[in-house]
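1. The sequence and its predicted three-dimensional model are supplied below.
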Amino acid sequence: MKKNIMITMFSTLLIICTIMYLKFDKVGFYYGLECSFCDEKLPYNLLPVRNSQYPQRFYLKDEEDFELVGIGFKYYSSSFKIKDFLAYGHNDTSLIVKCTDSLNDIKYLSSYETKYKSKKGNSEISFKDLSTSDYEQVKDKYQWFEVGKESYYALERNKFLFKIGALLSLLLLLISLFRGKLNLKIKGLIHN
């Protein structure tokens, strides 16, 4: 009876930790973490990247491995240079970037298709200023990700903890199962 309770408890813990790990793994893609078990995509095949040496350096790169938007960028159709990349939102067809300028004022940039095509034949995009009032009208149509280093560290920590939890649960489950089989063999030897 005690063995069954332990097996049930460790199995349940293993399932919960595995589900939570997969959830954080999937969400981690949007924060520039390596995604082991997901196939998430952003519009225009953009890829979120975080510099491992400088976690505050977050950017989006295109399918040709070119940094498209990040700290220090200024666009032809934009009136400022990006000081900090705070967040971004996406839907099926576009992106909005929330950032700050050199005066630490919050600014928004909206993606748009240029007339150029990538080497793969896909539309290239750039970004232009988006007014705060226009942002307020459309923000609910986007899925948002705050990409500050605090969010990144919290996500990385949670992903790691649930991975350790899943591995530890699996180990304890195997020990419980092995002990049960070992006890049955010992009992069988004693009775013979």
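-> Looks like it came in fine. Numbers count the residues shown, from 1 in each chain.

2. got the domain boundaries for the protein?
-> Taking automatic domain parsing as the criterion, the chain consists of the domains 2-28+155-191, 38-145.

3. I'd like the average pLDDT over the longest one.
-> This points to domain 38-145. Across domain 38-145, the average pLDDT comes to 87.

4. cool, the first one as well?
-> Throughout domain 2-28+155-191, pLDDT has a mean value of 83.

5. gap between the spatially most central residue of the chain and residue 74?
-> Geometric centre of the chain, nearest residue: residue 28, 1.8 Å, by Cα atoms, centre = their mean. In this view, residue 28 and residue 74 are 29 Å apart by Cβ to Cβ, to the nearest Å. No exception for glycine: its C-beta is placed from N, CA and C like everyone else's.

6. Likewise for residue 65?
-> Separation of residue 65 from residue 74 (Cβ to Cβ): 21 Å.

7. Looking at the two, which is more packed in?
-> Legend: neighbour count by other Cβ atoms under 10 Å for residue 65 and residue 74, higher for residue 74 (11 against 8).

8. For that one, give me phi and psi.
-> Main-chain dihedrals, residue 74, degrees, to the nearest 10: phi -140, psi 140.

9. Kindly list the longest strand within this structure.
-> For the chain, the longest strand by residue count, based on DSSP state E, is strand 106-117.

10. Return the set of buried residues in the host helix or strand of the residue nearest to the centre of the chain.
-> In the assignment (DSSP states H and E), residue 28 maps to helix 2-28. Judged by neighbour count (16 or more other Cβ atoms under 10 Å), helix 2-28 contains these buried residues: 6, 10-11, 13-14, 17-18, 20-22, 24-25, 27-28.

11. and that helix, what other elements does it pack with?
-> When contacts are defined as 3 or more Cβ pairs under 8 Å, 6 or more residues apart in numbering; DSSP states H and E, helix 2-28 sits against helix 149-191.

12. Counting by contacts, list what the helix it packs on packs against.
-> Packing partners of helix 149-191 (3+ Cβ pairs under 8 Å, 6+ apart): helix 2-28.

13. can you give me how far the helix it packs on is from the chain middle?
-> Distance of helix 2-28 from its chain centroid, counting by Cα atoms, centre = their mean, to the nearest Å, is 20 Å.

14. now it and helix 149-191, what's the angle there?
-> On the basis of axes from the mean of the first three to the mean of the last three Cα atoms, to 10 degrees, helix 2-28 is oriented at 160 degrees to helix 149-191.

15. Follow the chain on from helix 2-28 and name the next helix or strand.
-> Next along the chain after helix 2-28, taking DSSP H and E as the criterion, comes strand 47-50.

16. so how far is the helix or strand following that following strand off the chain centroid?
-> Where DSSP H and E defines the elements, the next helix or strand beyond strand 47-50 is strand 58-61. On the basis of Cα atoms, centre = their mean, strand 58-61 sits 13 Å off its chain's mean C-alpha point.

17. contact partners of strand 58-61?
-> Contacts to strand 58-61, defined as Cβ atoms under 8 Å, 6 or more residues apart in numbering, come from residues 31-32, 42, 46-51, 67-71, 85, 88, 95, 147, 152.
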